[in-house]
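Asks: the amino acid sequence is not available; the structure is as follows:
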């Protein structure tokens with residue numbers, strides 16, 4: 001069965017997950033995490049992508065970003081992965097691949113899902129049982145959003161700034177959002193969208209994505225596929241309140 005085409009759009013937030021090969025570890029030391037973040041920042045700057053949130057887990061990473069040029073995203077991740085794998089293989093005396101060959105991604109409707117997706121990402125260590133408080137996990141963007149700790153590779157999404165009049169107010173509001181946790185339906189939607197490479201958002205957003213890319217915004221039923229469908233890898237829309 002052919003792989004589903006990815007849909008990336010200029011100026012539309014994108015949730016990306018990349019896992020270690022066979023779900024094996026991809027970080028082995030603190031220097032590994034630091035190196036990955038350094039090259040992530042470099043790769044996204046070159047690709048004109050703005051990083052809004054992230055978490056680096058032992059065997060996978062979550063990224064929430066907005067690309068200016070959506071077509072540059074795959075190349076940026078390939079470049080990042082190649083440089084990081086070369087370092088890991090050299091430093092840790094190993095050979096072979098490190099990542100799954102294909103990252104998963106989902107377009108995010110900012111107004112209805114972006115802050116939920118951000119919370120989903122930053123709560124990953126809590127769901128995994130690594131910490132009880134996301135502030136206790138070092139390798140995520142949570143401390144920036146919840147306490148204002150500097151994180152030079154992250155630029156918070158404009159929606160974050162609507163949470164309060166100043167930094168202190170926004171941080172309190174964000175901590176309250178995170179403490180409320182996410183509804184099960186929201187996490188299920190985010191996970192399903194990633195698993196199927198689908199956008200996540202309201203019906204108007206889903207219809208827009210489908211009309212621009214030609215890629216169905218809902219999983220197809222099992223069985224023989226219909227003939228004549230068209231696939232578009234990337235598209236473009238003007239910046240706006242999406």
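Replies: That came through, no problem. All values reported here derive from a predicted model rather than from experimental measurement.
Asks: quick check: phi and psi on the spatially closest residue to residue 200 that is not a sequence neighbour?
Replies: Spatial nearest neighbour of residue 200, chain neighbours left out: residue 193 (4.0 Å); criterion: CB to CB, 6 or more residues apart in numbering. All C-beta spots, glycine's among them, are computed from the backbone N, C-alpha and C. Phi and psi for residue 193, reported as degrees, to the nearest 10, are phi -60, psi -40.
Asks: tell me the pLDDT at residue 193?
Replies: Per-residue pLDDT puts residue 193 at 93.
Asks: since we're on it, how many residues are nearby?
Replies: 23 (other CB atoms under 10 Å).
Asks: now swap in residue 65 and tell me
Replies: By the criterion of other CB under 10 Å, residue 65 has 24 neighbours.
Asks: part of a helix, is it?
Replies: No: judged by DSSP: H, G, I helix; E, B strand; the rest coil, residue 65 forms no part of a helix; its state is strand.
Asks: what mean pLDDT does stretch 88-103 have?
Replies: Confidence for stretch 88-103, expressed as mean pLDDT, is 87.
Asks: the helices in this structure, which residues?
Replies: Along the chain, the segments classed as helices by DSSP state H run 30-46, 73-91, 115-122, 124-127, 142-147, 167-179, 184-196, 203-213.
Asks: and the second one, which residues are buried?
Replies: Read that as helix 73-91. Under the neighbour-count criterion of 16 or more other CB atoms under 10 Å, helix 73-91 has 73-74, 76-77, 80-81, 83-85, 87-88 buried.
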